[in-house]
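Asker: what's the 3D shape of this:
(4 chains, ligands or ions: 4)
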Amino acid sequence: MISNYSKERLVGLYQTMLSIRYFEEEVERSVKKGLFHGTTHLCMGQEAAAVGVCSVLKQGDKMTSTHRGHGHSIAMGADMKKMMAEIFGKATGYCKGKGGSMHIADVDYGNLGSNAIVGGGIPITVGSALTAHLEGTKDVTVCFFGDGATNEGSFHEALNLASIWKLPVIFVCENNEYGMSSSITEMTNIEDLSIRAKSYGIPGMTIDGNDLLEVMNITERAVSRARNGEGPILIEAKTYRYNGHSKSDKQRYRTDEEVSKRKKKDPIQRFEKMLIQSDIPEEKDIEQIKQMVIEEVEAATDFALASPEPKVEELLTDVYA
Amino acid sequence: MISNYSKERLVGLYQTMLSIRYFEEEVERSVKKGLFHGTTHLCMGQEAAAVGVCSVLKQGDKMTSTHRGHGHSIAMGADMKKMMAEIFGKATGYCKGKGGSMHIADVDYGNLGSNAIVGGGIPITVGSALTAHLEGTKDVTVCFFGDGATNEGSFHEALNLASIWKLPVIFVCENNEYGMSSSITEMTNIEDLSIRAKSYGIPGMTIDGNDLLEVMNITERAVSRARNGEGPILIEAKTYRYNGHSKSDKQRYRTDEEVSKRKKKDPIQRFEKMLIQSDIPEEKDIEQIKQMVIEEVEAATDFALASPEPKVEELLTDVYA
Amino acid sequence: MSMHNIETDNDLTQDTVILQNRTRELTYAEAIREALQQQMRQNKKVFLLGEDIGIYGGAFGVTEGLVQEFGKERVRDTPISELGITGVAVGAALTGMRPVVDIQFSDFLTLALDQIVNQAAKIRYMYGGKGKVPLVIRTPSGSGTGAAAQHSQSLEAWLTHIPGLKVVQPGTPYDAKGLLKAAIEDENPVIFYEHKLLYKTKANVPGTDYVIPLGKADIKKEGKDLTIVATAIMVKRALKAAEELEKEAIHVEIVDPRTLVPLDEKCILQSVEKTGRLLVVHEAVKRGGYGAEIASIVAEKGFSNLKAPIKRLAGQDVPIPNNKKLEKAAVPQIKDIIREARKIVHE
Amino acid sequence: MSMHNIETDNDLTQDTVILQNRTRELTYAEAIREALQQQMRQNKKVFLLGEDIGIYGGAFGVTEGLVQEFGKERVRDTPISELGITGVAVGAALTGMRPVVDIQFSDFLTLALDQIVNQAAKIRYMYGGKGKVPLVIRTPSGSGTGAAAQHSQSLEAWLTHIPGLKVVQPGTPYDAKGLLKAAIEDENPVIFYEHKLLYKTKANVPGTDYVIPLGKADIKKEGKDLTIVATAIMVKRALKAAEELEKEAIHVEIVDPRTLVPLDEKCILQSVEKTGRLLVVHEAVKRGGYGAEIASIVAEKGFSNLKAPIKRLAGQDVPIPNNKKLEKAAVPQIKDIIREARKIVHE
Ligand SMILES: Cc1ncc(C[n+]2csc(CCOP(=O)(O)OP(=O)(O)O)c2C)c(N)n1
Ligand SMILES: Cc1ncc(C[n+]2csc(CCOP(=O)(O)OP(=O)(O)O)c2C)c(N)n1
Ligand SMILES: [Mg+2]
Ligand SMILES: [Mg+2]
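Answerer: Numbers count the residues shown, from 1 in each chain, chains lettered A, B, ... in the order given. Ligands and ions are numbered 1, 2, ... in the order given. You can find the predicted model right below:
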């Protein structure tokens, strides 16, 4: 219920979703201009899952992400300047230009990192939750992964471990219908991926991942359960990826019609409409917010462009602690 | 129903179970006498699952087994002489002494091999079934594995693959309550392991793995389904391992009482009783069968002992085809 | 085993056959595709499986068009389950098929190694010579695309350490085609490393059904002053370096082993016998790389011919970074080869 | 970070402390256990996880008794999920703990390599120097138990090839204890290879809390005629061989690197400078083994000191067979070391 949240909070959520969208649009432009080296995986269309989940976290909570991780990082409060600089391989980026688009991380602030190995982050999340358990904190860890990742062995092993040890993990499967070119309906033989929770004796639910408030609502309950020591949960957030898998995707596996149809359920537009209907904020404020975010994103690119490359000596540092 | 089977068949089944039991007892004695090099994993108590499943297979069908594989091989019709010779590391063994207890195989006769990697055989089975599918044969492949193996990623990936491709695999989980020292009830958070079938959209069932006829009955149905192109199934056969995990197991994780209690449900005794009650065969014939099997097993040991070691040049052969 | 002459072959006029067999420029990717296609036409037992190899055409476009020709059964898109699909290939091979697995990036082999190393490589030996696993794993390796540490490794040395496997690493389109055909026809598991930066390089490739036997090195350039053993993309870089060095009257001989296992020791030793000097160049990290194996063989068997210490030029002992400048600095470039070659010859 | 003085320590009288610190015979397994115990007492962040490490005491009895002292939370029995538990350890390490994972046989590392190689080894680098993964993986390797091809490998060379990892391979009880403590205190992922046949070997081990720094080789025996670099069980075999060779007035120097990464190159090069001859001995398969790395380093940096070709004596290029005679023939034995040593010295 929208009335459960303060105006400030709602505007903040909206702004964060917009930040992701505009950030990704900017990255897309930069790809086309050939401004950076390396691949990138955009998450446009999936903003509500990232923002809905991360917005209910507290300081101390942790998160792991995937190759499609820009949105998760922004939702965790990352500085878009440092993100863009990282994507551009610059010394001022989150990883000094060593990680690039797929490895943005901010360990001290709970962002345990994106991961270029499908399913690679899932067991790591369980380890983070084990730390919380052993240290007696109440921190939870959120684990984002895609529909395709649910067919990796790591998914299976990790969910089982989290379950038997009752660890505070929120497993969030962003089902965007495809793993690269493969429709998840052909890669599994089940209706909802959340069914897989049953294999581990944990709750599983499938939700509309494009409905920000639903995502928040469910995640809030999952998080408080986990903080109470009641164990992990699997949330399948149904959503859709607007762009190709990565910059080289010709998208022969889906039709333009399908994409247009899915875009009608755009998470940001839906939330915006709801906000406007509730008069929070007023329509003219919306434009102001958009303008602000656009400027922020542009500033991020400017920062990235103006930033220095890492020195070549950096090649040999950071291998060992 | 016992009346569904011919007397000959029933006696054959009984004899095969006995062969496994006596074979394993003989191996146990040989371990104690230090007659061979290497470890071994005995399957006493689990005979009905092996025999029940394999007895419904036809020529052309395939099977993969585990580290605890003597019973499966015998149930597939292996020659105990060549098995014992292999366990003894002799040149006359199934693998010329190169494989030992954990690698008995007879590829040409459908025994695709035991496997010392927990879960290692599961995807291989799916590949075997894929061959059947691509070649248009009606052969099915049986995949034996333990309760502990269901927590390996290979289990998850393989069952999903078999399901989406509707391959003729009978997955048989012999739940003997433990993986080495770990009670499966502590290593998973679910009642029945067959629940995991739901994750793949395939049928799953939990049966009394010590009831030979139940195992046969269920497997028969599963096999005919699979032959008809209706896809794989997961059968959880509940059973119990009488011996320690391997020769070095001190069994501190379970009590003698527990073991004695489980032995009351002995699959062979149960079947023997049923046979006797139905007068197939008569009690005196039972003794005769036992004697025969004992002699066969002794002959196997004699053969193994009398057999030559492989020549040292054998070390370098068979690496490449 | 192979079933020659598929139906459509019969329809071909003599002219079409000649046309098909003619030599023309192909990219490395196209050469690989042609090998797959020819093998699949000849032998129904050959089939492909891997992530996104169907309509997507594979992460690097290598299998484009094949699903249209051979259908979804033989060009089999799989879930993201590297261990599972590799195991499936092992089982299929053991029961008579000839699967070719596509692992999207060779870094992901880390997930499939039980099936490769403990199963495929050992089954025949463990079974005392019964059973065989004629399986090919095609996988791209190497850096240079900015995909960073988890998508840029060169771990071919690992697989060379496993008895029962063969390891192939073509450096040109011509070699890629001929070696892949040999790999598919081989009765053993073969790991076939493709290099990402080579996919778009072009060279003459005959349309014929030629095969390059595994275990035969190729002298890519003759010379008398220094032997450079180079693999994969380093073959190309070494050739460029050699051009420069010729101007300085340094005559480099370039040996491309093409297959790491089996290794054509003889060819390498003969070259070093002639030149007396050896530089081994590969992209993989130096420590524990296959260059050490080659250097050690020569240090043992070619010791008396050596006029100078054997040098290895290889990847730095670091993960591959994303930044382009750093990424380049992480692995040998043409200028590095020139520098090292000069040093060896002049020292 | 480490929290010295756990409660029970305070109760100890001076005498007990002295008693505890005294040197006595321990097996290799006991020495490892003592290192674990001391580290766990000192630092609550240290915990163990692995299959059957609790009441069972680990496949080789190393962790026996630890669950009784430290409880099930810190001696954590796991399901059979090598990839999962290794990943859990990575995540725990990244968030501040010091996990020690037990992988029952090093052959099973094949299942966990994504987490070791793509995650643990690279996280710090990929994150530009932020985050660290202080993680130890203990795992037994080697042949000799008749457990055949899937339970007898020596694949340490693989991990040496991965920047970001350290690789330790103790050959004696004393080294095992001191190196394990260093490994647990290290801020990086360390792969700690134990040798199955060494578990029951005994030697003097101080009860004190000593640490052997990673990267320091140990000269197990001095000599002037030939350097033998040997690892793990080959240290013991080389020592036995050296005894025999002394009788023939061949004075062998035995260098045990103890840690493969970082490698004490200097110690090896100095020894070869003295002896002019090098034999590298390891159990792992020769092709692609770490012996090649050591030989190559000497071939490059110690070339001018060499009086004879460098030789490697290593495992045959075969999977390990079950039969005892064949199994022995698959890897270097004392007599093989003697034979090779003689050849090098007399040639
Ligand atoms: C282990 C592994 N296998 C394959 C890939 C290549 N790959 C990258 S993303 C991707 C699809 C992932 O699908 P999904 O999990 O649904 O995430 P999405 O891309 O839809 O966000 C694939 C196959 C990889 N990076 N890692
Ligand atoms: C990948 C792998 N991990 C661990 C082991 C060691 N191990 C051998 S058998 C076993 C227990 C297997 O349990 P389960 O699957 O239930 O089979 P059971 O022994 O009960 O027949 C373990 C942990 C192994 N062989 N392979
Ligand atoms: Mg997806
Ligand atoms: Mg079990």
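Asker: Is any residue of whichever strand or helix holds C:Gly71 near chain A?
Answerer: Counting by DSSP states H and E, the element that carries C:Gly71 is helix C:66-74. No: judged by C-beta under 8 Å from any C-beta of the partner chain, helix C:66-74 and chain A are separated, with a smallest distance of 9.9 Å. In short, each C-beta sits where N, CA and C put it, glycine included.
Asker: Return the list of strands paired to the next helix or strand after that helix, each annotated with direction.
Answerer: The first helix or strand that comes after helix C:66-74 along the chain, using DSSP H and E, is strand C:75-77. Taking DSSP bridges as the criterion, strand C:75-77 pairs within the sheet with strand C:46-50 (parallel).
Asker: Check the burial of the closest residue to A:Lys58 other than its chain neighbours by counting its neighbours.
Answerer: Among residues not flanking A:Lys58 along the chain, A:Asp139 sits closest, at 7.8 Å (C-beta to C-beta, 6 or more residues apart in numbering or on different chains). A:Asp139 has 21 neighbours, counted by other C-beta atoms under 10 Å in any protein chain shown.
Asker: Wait, A:Asp139 touches A:Asp61, no?
Answerer: Yes: taking contacts as C-beta atoms under 8 Å, A:Asp139 lies within contact range of A:Asp61: 5.2 Å.
Asker: if we can go back for a sec, can you classify the residue nearest to A:Lys58 as helix, strand or coil?
Answerer: Under DSSP: H, G, I helix; E, B strand; the rest coil, A:Asp139 falls in the coil class.
Asker: Distance-wise, check it relative to B:Ala116.
Answerer: 40 Å (C-beta to C-beta, to the nearest Å).
Asker: Next one: C:Ile228 from ligand 2, what distance?
Answerer: To ligand 2, C:Ile228 is 42 Å away according to C-beta to the nearest ligand atom, to the nearest Å.
Asker: name the helices or strands packed onto the helix or strand where that residue lies?
Answerer: In the assignment (DSSP H and E), C:Ile228 maps to strand C:226-230. Helices and strands touching strand C:226-230, as assessed by 3 or more C-beta pairs under 8 Å, 6 or more residues apart in numbering or on different chains; DSSP states H and E, comprise helix C:233-247, strand C:252-256, helix C:265-275, strand C:278-285, helix C:334-346.
Asker: Any idea which of the ones you listed gets closest to B:Met84?
Answerer: helix C:265-275 (42.2 Å; C-beta to C-beta).
Asker: Below-threshold pLDDT in the chain: ranges please.
Answerer: Defaulting to chain A. Within chain A, no stretch has pLDDT under 70.
Asker: meant chain C, my bad for not saying
Answerer: Short version for chain C, where the test is pLDDT under 70: C:1-19.
Asker: is it true that C:Lys202 touches C:Arg24?
Answerer: No: look at C:Lys202 against C:Arg24 with C-beta under 8 Å: they stay out of range, at 9.8 Å.
Asker: Between those two, tell me which one has more neighbours.
Answerer: More crowded of C:Lys202 and C:Arg24, by other C-beta under 10 Å: C:Lys202, with 15 against 11.
Asker: No further questions, thank you.
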